[in-house]
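S.K.: the sequence and its predicted three-dimensional model are supplied below.
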Amino acid sequence: MIVLGIETSCDETGLALYDSRPWEQGQPAHLGILGQALHSQIEMHQDYGGVVPELASRDHIRRVIPLLNKALKESHCSLEAIDAIAYTQGPGLAGALLVGSAFANALASSLKKPIIGVHHLEGHLLSPLLAKEGPPHPEFPFVALLVSGGHTQLMLVKGIGQYELLGETVDDAAGEAFDKTAKLLGLDYPGGAALSKLAEGGQRGRFELPRPMLHSGDLDFSFSGLKTAVLNQVKKAEANNTLNENFRQDIAFAFVESLVEVITHKAMSALDKTGCRDLVLAGGVGANRQLRAALTGMVNKKGWAVHYPPLELCTDNGVMIAFAGALRLLQKEFSPPDLQGSFDIKPRWELSS
């Protein structure tokens, strides 16, 4: 079964084709990736310091057909070879989601193929199963840590479509805190990766930032107070005329160290509480080197395993939607051609079942 995946939830347009046969035959899941095409709108939104929804939607419209043709060419597939279509139904920006939904429904109707709406976070959550390296993919149940610009959640994954929310952020998501802190330090949008790189030149001990909710006893997160603590230090430095490169490196180091410690502590607590021994890290912040190093070190001490998606699949992409759609379709979850046309989207959509 060859599944076309369409991702348009925010500022990346991604299309990919995935063949379910390797998964069904017990082979490594990444062998099913036939081809993909991806366009990021980061450069377009940089002047605004964030994603402009209307611009994002219009750009998806311009990109989706050329990217489909590119993905088909890379996959050596024709439209007629597609067996089903999966698209991001939510959560995300309403206008952006509508572009993907309308295109997916129109294509499925014209080809008379089944269609399935995929939860964006489910795509991220399952993407580590596509890793080429590292430990064998985890067996159910396992704990998933979803860390991105819009979400920070811990999930107990009991099976495909069986997700229990263990904890989540009560304010800013980790990726959002990265970008806002980067802006405070004068870094361009999106600043998360640049902030992490800046932190590599910093020294421990100059700043002592808070570890919000580190010992709260639950698995929830909070990062707004950490961002505010950085803001206070920046204001002091501006007043004292000490806002130089050394300051920026040291405060970036302290910020990343604090955030990583909180996330790592909560993830290990989730494993302890559930009795699981496999941790899956997914989402855009899953590419962060400091977080990966900390999680790897902690689980290795316990003799457990941590699973990461390929770096190219940490950001939004069509591969994860095609893969998640394929797994859902194998469970007979889809809409046949004669039931299409609702163009239903879910800008807000809880993942937990």
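M.R.: Yep, it's here.

S.K.: can you pull the contacts of residue 276?
M.R.: 141-143, 156, 270 (C-beta atoms under 8 Å, 6 or more residues apart in numbering). C-betas here are computed from N, CA, C, even on glycine.

S.K.: mind redoing it with 10 Å?
M.R.: 138-144, 156-157, 270, 304 (C-beta atoms under 10 Å, 6 or more residues apart in numbering).

S.K.: again with residue 92
M.R.: Contacts of residue 92 by C-beta under 10 Å, 6+ apart are 7-11, 53, 56, 98, 100, 120, 150, 316, 345-349.

S.K.: and residue 352, how many neighbours does it have?
M.R.: 13 (other C-beta atoms under 10 Å).

S.K.: again, but for residue 36
M.R.: Residue 36: 24 neighbours (other C-beta under 10 Å).

S.K.: grab the nearest non-local neighbour of it.
M.R.: Excluding the flanking residues, the one nearest residue 36 by C-beta to C-beta, 6 or more residues apart in numbering is residue 16, at 3.6 Å.

S.K.: again, but for residue 350
M.R.: Closest to residue 350 by C-beta to C-beta, 6+ apart is residue 165, at 7.6 Å.

S.K.: tell me the bridge partners for that neighbour.
M.R.: For residue 165, the beta-bridge partners are residue 155 (DSSP bridges).

S.K.: how about the helices in the stretch 51-200 of the chain?
M.R.: 53-75, 94-111, 120-126, 174-184, 192-199 (DSSP state H, counting those that start in this stretch).

S.K.: so which of the ones you listed comes closest to residue 299?
M.R.: The minimum distance between residue 299 and the helices of the stretch 51-200 of the chain falls on helix 120-126, with 17.8 Å, by C-beta to C-beta.

S.K.: and the pLDDT at the residue nearest to residue 350?
M.R.: The confidence metric pLDDT takes the value 97 at residue 165.

S.K.: near it, how many other residues are there?
M.R.: Other residues close to residue 165 by other C-beta under 10 Å number 14.

S.K.: dump the residue contacts of it.
M.R.: The neighbours of residue 165, taking C-beta under 10 Å, 6+ apart as the test, are 153-156, 219, 350-353.

S.K.: with residue 76 instead?
M.R.: With C-beta under 10 Å, 6+ apart, residue 76 has these contacts: 17, 34-35.

S.K.: how near is the most centrally placed residue in the chain to residue 116?
M.R.: For the chain, residue 283 is the residue whose C-alpha lies nearest the centre (C-alpha atoms, centre = their mean; 2.3 Å). Using C-beta to C-beta, to the nearest Å, we find residue 283 at a distance of 22 Å from residue 116.

S.K.: and for residue 287?
M.R.: 27 Å.

S.K.: again with residue 83
M.R.: For residue 83, the distance to residue 116 - C-beta to C-beta - is 12 Å.

S.K.: who touches both of those two?
M.R.: Common neighbours of residue 83 and residue 116 (C-beta under 10 Å, 6+ apart) are 3, 326, 329.

S.K.: hey, which of the helices of the stretch 51-200 of the chain is tucked in deepest?
M.R.: Counting by mean count of other C-beta atoms under 10 Å, helix 120-126 has the highest mean neighbour count of the helices of the stretch 51-200 of the chain, with a mean of 27.

S.K.: what packs against it?
M.R.: Here helix 120-126 touches strand 2-7, strand 84-90, strand 142-147, strand 152-159, strand 162-168, strand 278-282, helix 318-330, going by 3 or more C-beta pairs under 10 Å, 6 or more residues apart in numbering; DSSP states H and E.

S.K.: which stretch among those comes nearest residue 22?
M.R.: helix 318-330 (10.4 Å).

S.K.: quick one: the closest one to helix 94-111, angle?
M.R.: 60 degrees (axes from the mean of the first three to the mean of the last three C-alpha atoms, to 10 degrees).

S.K.: quick check: buried residues in helix 318-330?
M.R.: 318-329 (16 or more other C-beta atoms under 10 Å).

S.K.: per-residue confidence averaged over the helix of greatest length in the chain?
M.R.: For the chain, the helix with the greatest residue count under DSSP state H is helix 245-274. For helix 245-274, mean pLDDT rounds to 97.

S.K.: what packs against it?
M.R.: Secondary-structure packing of helix 245-274 (3+ C-beta pairs under 10 Å, 6+ apart): strand 142-147, strand 152-159, strand 162-168, helix 174-184, helix 192-199, helix 224-240, strand 278-282, helix 289-302.

S.K.: quick one: closest of those to residue 60.
M.R.: That would be helix 174-184 among the helices and strands packed on helix 245-274, by C-beta to C-beta, at 20.8 Å.

S.K.: what angle separates that closest one from strand 152-159?
M.R.: When the same axes, to 10 degrees is applied, the directions of helix 174-184 and strand 152-159 differ by 160 degrees.

S.K.: rounded mean pLDDT for helix 174-184, please.
M.R.: For helix 174-184, mean pLDDT is 93.

S.K.: go on, stretch 213-223?
M.R.: On average, stretch 213-223 scores 95.
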